[in-house]
Structure formats: structure tokens, C-alpha cells
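> From the sequence below, what's the structure:
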Amino acid sequence: MAASATKLWRSLQQRRTFVNARVKWVSDPYLDEAVQREKNLKQLLSLKDRIVSSPSKSVLLSSLSLLKPLVNLHITAAAFFQKYPSVFTIFQPSPSLPLHVRLTPQALLLHKEEEETIHLSPPHRNATVQRLTKFLMLTGAGSLPLSIVDRFRLDLGLPHDYITSLIGDYPDYFEVTEVNDRFTGEKSLALALSSRRSKLAVSEMERREATIDGSRVRKGLRIRYSMNFPKGYELEKKVKTWVEQWQNLPYISPYENAFHLGQSSDQAEKWAVAVLHELLCLLVSKKTETDNVLCLGEYLGFGTRFKKALVHHPGIFYMSHKIRTQTVVLREAYHKAFLLEKHPLMGMRHRYIYLMSKSGRVKNRDYVHGTKRNKQSL
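Prediction:
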């Protein structure tokens, strides 16, 4: 009898029952607004961080122009800086020197406050270390190329100089190693865990379940995901039936290795969703560019499974097409256009957004060494 039950269980783990039905995409104006609100924010923060990293707190305009593809600017660097005069100032230190860029006093003050109250605050540093540890634990091997970690740097709430200002202070947690890039075969630097932290291997879904019934985290529970749809959205009947059955499958922790499951099985998809859900829970804004997610999935060996999971479960994940890219948003983390639990860093970022919005009301008065400069010189 026991052998028969085991055989049935293994069969279920390999079975794929998802119907060949179209899961339609419908825009969500509230979540689109949450994404649209941060238009150009990541580019602005990336450029801001490069400027403040300089000893003089200013950088050659020409050197920043070379970064246009790296920070995904859709206009020239000079035009971008002119667009936000409340944040950036273009100036010429002397007639013999080329144009430089620095932060305005308001932006520099905001940056210093962010550093002091968040990135240098022991409680926030400890929380960031735990968040980064769990992020690396999702990989199974506990390491990722720095190029992939950098993709998630802002989303994880890491300081711009996290390798020197954070990683170096926690050698019992992290180490920077050299690995062979599995795509190019070339040597590259990776961030790795010094040791696995088993106590942290509890997902947000498991934590909530334990909180509800007051028990310890247990394996094999049939944990169901919260699903929210835009007003008027209806799944096809056969898809709705499949989702209901899928919800009742056992939950496998994203911190477990479940690659033994048939990659096209329903159970494997529930595990892939668990990994995606936990990933988004770790991010301070509960969203990130879809390309980041797919790049991570490809590196971890999920292939197209992340993409399929995102498409199959519009009640869990929303794909926004705003701000010239595609962004995946964790629906349950938002009420309309606002985060239900706002990380302090998001509060700071909204202040940057406010400063950016003031730029539209500020006359762009540029000066070159004390005299007004012709904008055509840019």
C-alpha cells in the first residue's frame, strides 16, 4: 500500500495538467501608476551615486556620457542632467577646464541623509545583510556573479559601494570569489556566502503560515497564494479550475532544491512560483525589471520556467509595460498604487522623486565660471 502511494505521489510530481488556454493580460492602472511614478529614478540614482563616489563630488560630463548604455539612458547624459536641474548642476570649474557635473545642495543633502539614516544605521545594515543572504541562498549554491547581483542592487536596497562599505564588514557572511562564467567560460567575480544560514531559510509564505496557526514551519503544507485581479478580470473557466487544483499542491520552499521534479510538471511550476514570490518579497519595492528576473532564472537553470510562471499567474504577478521596459510587480504587496509595507529606503526614494518633479518648475539657469552659458554649448 505504501509503495503504491509513493508511486502515485511521484507520478503527480511529474504530471503537467495546465490546459492549453490563453491567459489574457489586462492592464492594471494602479500598478502601472506605481511603476510610472519611478520613471527615470534608477537612472538618476545610478548617476548620482557615481558623482558622489568621486573625491571632489563632481565628475567630467564627457565621462558620464560614456555611461549612457550602462545606465539605460534614452537621451544624452547632458540632456538628462538638464532635465533635472533640481538634482544636477552642470558647471565649468575654470575657463581652461571641460564641463563637470555635481549634485545640487538639496540633492547632496538628501544623499547624506540616506547614507546616515539607512546605509550606516546598524539596524538597517543588519536587515540588508539578512536580505542579501537570503537572496544568495535562493541560488542553492549560495553565490552569484557580481554582474547579476548588480542588476538587483537598487532593488535589494544595497548601497552603491556595497562591496567595500558592506561586504567587507561581514566576512563571516560574505566573500568575493573568482568563478568561471557559465555563459562565456571566462573568469568573473562572484559574491558568495561564507556559510549557509539555515535559520534564514524560511520563506515569507512559510513565515505567514506559521504566524497564522502558531506552529513551527513544516514541510509539505498546502499553502495557497493570495491572488488579486483588476476589476472586471475573469479567468477562463478551465484555467480557473486548473489554478484551484494547482493552489492545493504541496508548497515546496524556494530554499530547497527541487530540480528533480519534471520541469513541465504542475508541482515544478508551484516551486518556480515560490522562488519568484520570495525573490520579489526580498526587494524593497516588491518589483523589478522582468529582464532581471529572466537573467537570474537563466543563470540558475530555470530556462523558460520563470517566464511561463509569470504568464500563467496574473493574479500573483503583474507585468507592467510602462517606462520603456517591462516590470514584474508582486500584486499582494500593493493596495492600489501604494506599497502596503513601505521600506524606509522607499520613503527616501519618494523624496528624490519629489525633487525630480520640482525640476519642471525650476528655470534651467546654467552658468559657466560665473557667467550665463549658452545651452547650445552642451
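
> what helix or strand is the nearest residue to residue 305 once chain neighbours are set aside on?
Spatial nearest neighbour of residue 305, excluding adjacent residues (C-beta to C-beta, 6 or more residues apart in numbering): residue 272 at 4.7 Å. Every C-beta, even on glycine, is put in place using the N, C-alpha and C of the backbone. Assessed by DSSP states H and E, residue 272 sits inside helix 266-282.

> With residue 239 instead?
helix 237-247.

> which parts of that helix are buried?
For helix 237-247, burial by neighbour count (16 or more other C-beta atoms under 10 Å) applies to 239, 242, 243, 246.

> just stretch 327-343 next, same as before
In stretch 327-343, counting by 16+ other C-beta under 10 Å, buried: 327, 328, 329, 330, 331, 332, 333, 334, 339, 343.

> Also stretch 77-88?
For stretch 77-88, a neighbour-count test (16+ other C-beta under 10 Å) marks 77, 78, 80, 81, 82, 83, 84, 85, 86, 87, 88 as buried.

> mind putting those in CSV, pLDDT, secondary structure and distance to residue 179 included?
CSV is the format used below for the buried residues of stretch 77-88 (pLDDT from 0 to 100; DSSP: H, G, I helix; E, B strand; the rest coil; distance: C-beta to C-beta, whole Å):
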residue, pLDDT, secondary structure, distance to residue 179
77, 93, helix, 33
78, 93, helix, 38
80, 95, helix, 35
81, 96, helix, 37
82, 95, helix, 42
83, 96, helix, 39
84, 97, coil, 38
85, 96, coil, 43
86, 97, coil, 42
87, 98, coil, 37
88, 97, strand, 37
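
> Pull the most distant pair out of the buried residues of helix 237-247.
239 and 246 (10.0 Å; C-beta to C-beta).

> about what we covered before: packing partners for the helix holding residue 239?
helix 266-282 (3 or more C-beta pairs under 8 Å, 6 or more residues apart in numbering; DSSP states H and E).

> I'd guess residue 102 is in a strand, am I close?
Yes - counting by DSSP: H, G, I helix; E, B strand; the rest coil, residue 102 falls inside a strand.

> tell me the contacts of it?
Neighbouring residues of residue 102 by C-beta atoms under 8 Å, 6 or more residues apart in numbering: 51, 57, 58, 59, 88, 89, 91, 108.

> what's the answer for residue 228, then?
Counted by C-beta under 8 Å, 6+ apart, residue 228 has contacts 315, 331, 332.

> cool, and residue 311?
By C-beta under 8 Å, 6+ apart, the contact set of residue 311 is residue 23.

> Next, it: secondary structure please.
Relying on three-state DSSP, one would call residue 311 helix.
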